[in-house]
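**Student:** coords please:
(chains A, B, C, D, E and F)
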There are 4 protein chains.
Amino acid sequence: MPRDSSDTRQRIERHALRLFVEHGADGTSVRDIAQAAKVAEGALYRHYESKDALVAHLFAANYTRFAGELDAAQRAEGTGRGKVRAMVATFCRFFDADPVLFRFLLFVQHGQLARLPDDAATPVTVLQDVMTGAIERREIPRRDPALSAAWVMGLVLQTATFAVYGRVKPPLAPLSAEIAEAAWRAISTPMPAR
Amino acid sequence: MPRDSSDTRQRIERHALRLFVEHGADGTSVRDIAQAAKVAEGALYRHYESKDALVAHLFAANYTRFAGELDAAQRAEGTGRGKVRAMVATFCRFFDADPVLFRFLLFVQHGQLARLPDDAATPVTVLQDVMTGAIERREIPRRDPALSAAWVMGLVLQTATFAVYGRVKPPLAPLSAEIAEAAWRAISTPMPAR
Amino acid sequence: MPRDSSDTRQRIERHALRLFVEHGADGTSVRDIAQAAKVAEGALYRHYESKDALVAHLFAANYTRFAGELDAAQRAEGTGRGKVRAMVATFCRFFDADPVLFRFLLFVQHGQLARLPDDAATPVTVLQDVMTGAIERREIPRRDPALSAAWVMGLVLQTATFAVYGRVKPPLAPLSAEIAEAAWRAISTPMPAR
Amino acid sequence: MPRDSSDTRQRIERHALRLFVEHGADGTSVRDIAQAAKVAEGALYRHYESKDALVAHLFAANYTRFAGELDAAQRAEGTGRGKVRAMVATFCRFFDADPVLFRFLLFVQHGQLARLPDDAATPVTVLQDVMTGAIERREIPRRDPALSAAWVMGLVLQTATFAVYGRVKPPLAPLSAEIAEAAWRAISTPMPAR
DNA sequence: GATGAATGAGAATTCATTCAT
DNA sequence: GATGAATGAATTCTCATTCAT
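**Tutor:** Sure, this is the predicted structure:
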């Protein structure tokens, strides 16, 4: 009984995501996914070439989509500070809205980042571009934009990580302004004397 | 465990660590490890109950050992600022001294953190205790110590992550003071008006 | 079956034949056939009960049709020698006209011969009947007609096999008379003294 | 309980050979082989890289070994006629001694011949070399040695094939001299006038 | 007649673990 | 302590076949 094809796909993706977060991608078998999504094992292969391809697709699609949201948020602001605030808020809202997806991206990143096309727009590239702009506008010191980007990203991501492990209490949105301000102060740190 | 005198054991751990970083723990078979370490497959079970136990041991032993180093570094300083500086420096030196081990801890953490005993001293608890002390000494604002700890940790770890992915050029030690200063500024951010 | 008017059916058979020769019957999936013939996978089952039935049909239909051609050629001649010449020529023309079909019959024979009805007229039975006739007419020695049939068949088939593997250069038609003469001499070999 | 390693290997090969002949290589699963050989499925992979590799090994090893026997038989004779007689006898003895192996080689040849190294000595090359020698010694007409080789091979192989299908009654050894004589007469056929 | 998503049994293969030597 | 062949359950993936549209 062929159901709506996109329905099958969505069920597979939703349950796969959840299981990957609960037991890891390697700890989740195709059978697990099929059973949770209530489809036959073989059905998965009509939609994805392999289990690996499913993982890669879930990562790449959501990672780059989030990069797009980050970029849109950033574009709506005129100053570096506004951009950082907007991006941090986007991160926090994402975490609050779909913690499962957020955790998936967090957990599998180290196995997947290398598989992205070199020119893919990612949260990292968006952040880095914003840093470059802020430096050019002399809003922050002239340090390696990658370093500034790492700091902003680290502040938010580690807060989210602590939320995942119960050390910080979600939702994160109420903390957004505070994190953004801390991030701005971090990247405003003057360059050390040489 | 460096004080274990068994040569076999050390060979297994060294090569396992490397392979886990290169191909992931699940992507590395006992046979892979045995071949790299030039021992028979069965020999591994003389030293560890299972492959899982090997992974858990490598994580727990090194993670808590590093927590100890962090704590020692922190204790040697009297002020919050000094403690943060010392801890950041310890992080950076660790990354520079043994990038493979650092990456292992970074990559497998999400699968291993939950398996640590609840009362284990970890880098996180060390950081959190330092934050609590700094708050008590009124060196930084009275926010949730977990949040301050997350920020310091995020700043350093994300810088290291960028180093792993080639976005920041190692060694990290030369950046240590700058990162510590940024961290200090971040956690010094005044509490938002309520 | 050439007289089947269905275009779909013909496309299926033609491409199936080619794929079976290229990758073997087991190495060719229904999907492969459907894609090559540009029909849906399910369409195949409108024409054949199963993939197995398709293979069996392709073999049986063509094998017995060829037996018919062989028989017709044989009948047109009055002498054993003429009959052998005519049959060898028919073999060679078949190979030259449709090498793909010839190879298919050659390759799958061992899996299919047992499935033919016991009374089916095949190239083997035709040859054997001709040998029996030639013996009765005292044109060749009185040996087991199966043996004589095997020799004629072997001479032609192995020449064709060498052509398939590039050891003999097609077309075979120009060699037909020579092969037939060799075959005739082989089966004319006097019976050994007892 | 590790039995003698070569024993396991031999059991696998013997039963695989039999099953391949009975049900075809594709019709025989690794599980079938393992059960027949009374080993676990995984044990097979300690000895062969894959099921395919097992098939290929069984073919190549036995096919080339037989080529060696053929060559030895041929070398022991001084004349073309003697060589043909000796080779035909070797074929017949092989069939009689190990019909299962003979049938295996016969059945899978078309899937395996292309996988042999280009320079492998095979029954075909041995036969062809003998034909070349006979032509040089003016024992038989100057036709393409491949053609003469095909005829000798065809005569024997098709007789064996008929024996496999019950059309000729084994053993073949008693027919050996008669087949050899027929083969010799076939390849002695004068070249056609041009 | 045709489509192609879905089925689900079964295939090959991997691999952590055991154990006789 | 060490070896490595053997185990056998589990995994990923394939594929002939079905069936709602």
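**Student:** tell me which element the residue of chain A found nearest chain C falls in.
**Tutor:** For chain A, the residue closest to chain C is A:Arg46, as judged by Cβ to the nearest Cβ, at 11.1 Å. Backbone N, C-alpha and C define where each C-beta goes, glycine included. Secondary structure assignment for A:Arg46, by DSSP states H and E: helix A:41-47.
**Student:** list the buried ones in whichever helix or strand comes after that helix?
**Tutor:** Using DSSP H and E, the next helix or strand after helix A:41-47 towards the C-terminus is helix A:51-75. Neighbour counts over helix A:51-75 (16 or more other Cβ atoms under 10 Å in any protein chain shown) mark A:51, A:54-56, A:58-60, A:62-63, A:66-67, A:69-71, A:73-74 as buried.
**Student:** pick the one among these closest to chain D.
**Tutor:** Nearest to chain D among the buried residues of helix A:51-75, with distances taken as Cβ to the nearest Cβ, is A:Lys51, at 21.1 Å.
**Student:** which elements pack onto the lowest-mean-pLDDT helix or strand in chain A?
**Tutor:** The weakest-scoring helix or strand in chain A, judged by mean pLDDT, DSSP states H and E, is helix A:5-23 (a mean of 91). In terms of contacts (3 or more Cβ pairs under 8 Å, 6 or more residues apart in numbering or on different chains; DSSP states H and E), helix A:5-23 is packed against helix A:30-37, helix A:41-47, helix A:51-75, helix A:99-112.
**Student:** D:Asp119 is nearest to which of the ones you listed?
**Tutor:** Using Cβ to Cβ as the measure, helix A:51-75 is the one of those that comes nearest D:Asp119, at 39.6 Å.
**Student:** and that closest one, does that touch DNA strand F?
**Tutor:** Yes. Using Cβ under 7 Å from any atom of the strand, helix A:51-75 reaches DNA strand F at A:51-52.
**Student:** what's the following helix or strand after that helix?
**Tutor:** That would be, after helix A:51-75 and using DSSP H and E, helix A:80-97.
**Student:** just the mean pLDDT for that next one, thanks.
**Tutor:** Average pLDDT, helix A:80-97: 98.
**Student:** tell me what that helix is packed against?
**Tutor:** helix A:51-75, helix A:99-112, helix A:123-136, helix A:145-164, helix A:176-188.
**Student:** A:Gly154 versus A:Ala180, what's the distance?
**Tutor:** 14 Å (Cβ to Cβ, to the nearest Å).
**Student:** these two - which one has more neighbours?
**Tutor:** More neighbours surround A:Gly154 than the other of A:Ala180 and A:Gly154, with 30 against 25 (other Cβ atoms under 10 Å in any protein chain shown).
**Student:** got a list of what the more buried one touches?
**Tutor:** B:153-159, B:161 (Cβ atoms under 8 Å, 6 or more residues apart in numbering or on different chains).
**Student:** swap in A:Val156?
**Tutor:** A:88, A:91-92, A:179, A:183, B:154.
**Student:** most widely separated two among these?
**Tutor:** Greatest spatial distance in the contacts of A:Val156: A:Cys92 and B:Gly154, 13.8 Å, computed using Cβ to Cβ.
**Student:** show me which residues of the least confident helix or strand of chain A are buried.
**Tutor:** Buried-residue list, helix A:5-23, by 16+ other Cβ under 10 Å: A:8-9, A:11-13, A:15-21.
**Student:** just put the residues you listed in a markdown table and tack on distance to C:Arg115.
**Tutor:** Formatted as a markdown table, the buried residues of helix A:5-23 follow (distance: Cβ to Cβ, whole Å):
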| residue | distance to C:Arg115 |
| --- | --- |
| A:Thr8 | 40 |
| A:Arg9 | 42 |
| A:Arg11 | 44 |
| A:Ile12 | 42 |
| A:Glu13 | 46 |
| A:His15 | 46 |
| A:Ala16 | 45 |
| A:Leu17 | 50 |
| A:Arg18 | 51 |
| A:Leu19 | 47 |
| A:Phe20 | 49 |
| A:Val21 | 53 |
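**Student:** now do the contacts for A:Ala40.
**Tutor:** With Cβ under 8 Å, 6+ apart, A:Ala40 has these contacts: A:Ala34.
**Student:** would you mind giving me the confidence score for it?
**Tutor:** pLDDT, A:Ala40: 94.
**Student:** could you list the low-confidence segments of chain A?
**Tutor:** For chain A, the stretches with pLDDT under 70 are A:1-5.
**Student:** hmm, 80 instead?
**Tutor:** Chain A contains residues with pLDDT under 80 at A:1-6, A:194.
**Student:** related to what we said a few turns ago, what's the closest of the contacts of A:Val156 to C:Arg81?
**Tutor:** Closest approach between the contacts of A:Val156 and C:Arg81, by Cβ to Cβ: A:Phe91, at 92.7 Å.
**Student:** what about the closest one, how many neighbours?
**Tutor:** 28.
**Student:** what's the distance between it and chain D?
**Tutor:** Remark: distance between A:Phe91 and chain D (Cβ to the nearest Cβ, to the nearest Å) = 47 Å.
**Student:** residues contacting that residue?
**Tutor:** If you count contacts by Cβ under 8 Å, 6+ apart, then A:Phe91 has A:70, A:156-157, A:160, A:172 around it.
**Student:** cool, A:His110 as well?
**Tutor:** Counted by Cβ under 8 Å, 6+ apart, A:His110 has contacts B:106-107.
**Student:** ramachandran angles for the closest residue to A:His57 other than its chain neighbours?
**Tutor:** Nearest residue to A:His57 in three dimensions, chain neighbours excluded: A:Tyr48, at 6.4 Å (Cβ to Cβ, 6 or more residues apart in numbering or on different chains). Main-chain dihedrals, A:Tyr48, degrees, to the nearest 10: phi -140, psi 140.
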